[in-house]
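[1] Requesting a structural model of the entry that follows:
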Amino acid sequence: MAYKRISPIPVIEGGTGIQSATAYAPICGGTTTTGAFQSASTGFSNSGYVFTSNGSSALPDWQATSGGSGSWVLVSEQDASASSLIAFTSIGSYTNYILLLNKIGINTNTAQLQIQVSDDNGSSYVTTGYETGMIWTAYNSATQNNVNSASAFVITGPATNGADYGSGEILLSDVNGGTNVPVLVSGTVSYLNTTMASARMGGRSSASAGSITAFKVFPSSGNFDGNLRLYGIAN
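    Presented below is the predicted three-dimensional model:
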């Protein structure tokens, strides 16, 4: 009696149910207990990626590591080019964020860069209830200039004839604290005014009805240029 060989040998007969697999990729079970084996190869060619579970009903895949607690995770990067504002929406559920500013230029004399927060993902922005102060000092002066605002976080000193060229970092804390939990903002920005200057700011906004889902960066008048990167700090 002739014997017909089944190829590939099914799992129920002790085989894999497949004729080939991705070289070097891990082999996983099938979609059922007797289903053909599968290669876990999504993202596999990216050196340094880690093998990550996607739950009990999906193949694991290879993903960039997000690091442990305290690591910075890039949320969004945007470039301003003669922009009236840059909005960061759907920012996620991190408690704390870092906003990095690079090569920021403001094109209107005496204008200052500001931040307003939103709890409806940018449909509207909170314009009252801020308690924010900023001190800036020129390198060749002992005089400290104070700026206060109740309508926005002020994060730079005033531009001089549109000649600003600044960089710095801003920390946004307790962003997802919920109703009546103030968002705290602090940071330092160094920039070219008529001379080199630095600004230190801090403040809070307790006017939000809930967690912050978006915020915008904008000059008090005119437009601005530069690169902005938002990072979430892993809990």
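
[2] so what's residue 175 closest to, chain neighbours aside?
    residue 212 (4.6 Å; C-beta to C-beta, 6 or more residues apart in numbering). No exception for glycine: its C-beta is placed from N, CA and C like everyone else's.

[3] which phi and psi does the one you found have?
    Backbone geometry at residue 212, expressed as degrees, to the nearest 10, gives phi -80, psi 130.

[4] Can we start the residue count at 37 from this point?
    Right, with 37 as the first residue, what we last looked at is residue 248.

[5] So it sits against residue 156, correct?
    No. Contact criterion C-beta atoms under 8 Å: residue 248 and residue 156 do not qualify, at 10.0 Å.

[6] Okay, buried residues for the strand or helix carrying residue 140 please.
    Taking DSSP states H and E as the criterion, residue 140 maps to strand 132-142. Neighbour-count burial for strand 132-142 flags 132-137, 140-142 (criterion: 16 or more other C-beta atoms under 10 Å).

[7] quick one: that strand to chain centroid distance?
    In terms of C-alpha atoms, centre = their mean, to the nearest Å, the centre of strand 132-142 is set 11 Å apart from its chain centre.

[8] Pull up the pairing partners for that strand, direction included.
    Sheet pairing for strand 132-142, assigned by DSSP bridges, gives strand 202-209 (antiparallel), strand 260-269 (antiparallel).

[9] Mind listing residues that contact it?
    108, 111, 116, 127, 148-149, 191-192, 195, 198-211, 223, 225, 227, 253, 255, 258-269 (C-beta atoms under 8 Å, 6 or more residues apart in numbering).

[10] would you put the C-alpha positions of that strand in PDB?
    The C-alpha trace of strand 132-142 is given here as PDB (Å, rounded to 0.1, in the frame of the first residue of the first chain):
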ATOM      1  CA  ASN A 132       5.300  65.300  33.400                       C
ATOM      2  CA  TYR A 133       6.600  66.600  30.100                       C
ATOM      3  CA  ILE A 134       9.700  68.400  28.900                       C
ATOM      4  CA  LEU A 135       9.500  70.900  26.000                       C
ATOM      5  CA  LEU A 136      12.800  71.600  24.300                       C
ATOM      6  CA  LEU A 137      13.100  74.800  22.400                       C
ATOM      7  CA  ASN A 138      15.900  75.200  19.800                       C
ATOM      8  CA  LYS A 139      16.800  78.200  17.600                       C
ATOM      9  CA  ILE A 140      13.700  80.100  18.600                       C
ATOM     10  CA  GLY A 141      13.300  83.500  16.800                       C
ATOM     11  CA  ILE A 142      10.500  86.000  17.400                       C
END
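
[11] That one: what's the following helix or strand?
    strand 149-154.

[12] got the angle for that following strand vs strand 202-209?
    On the basis of axes from the mean of the first three to the mean of the last three C-alpha atoms, to 10 degrees, strand 149-154 is oriented at 30 degrees to strand 202-209.
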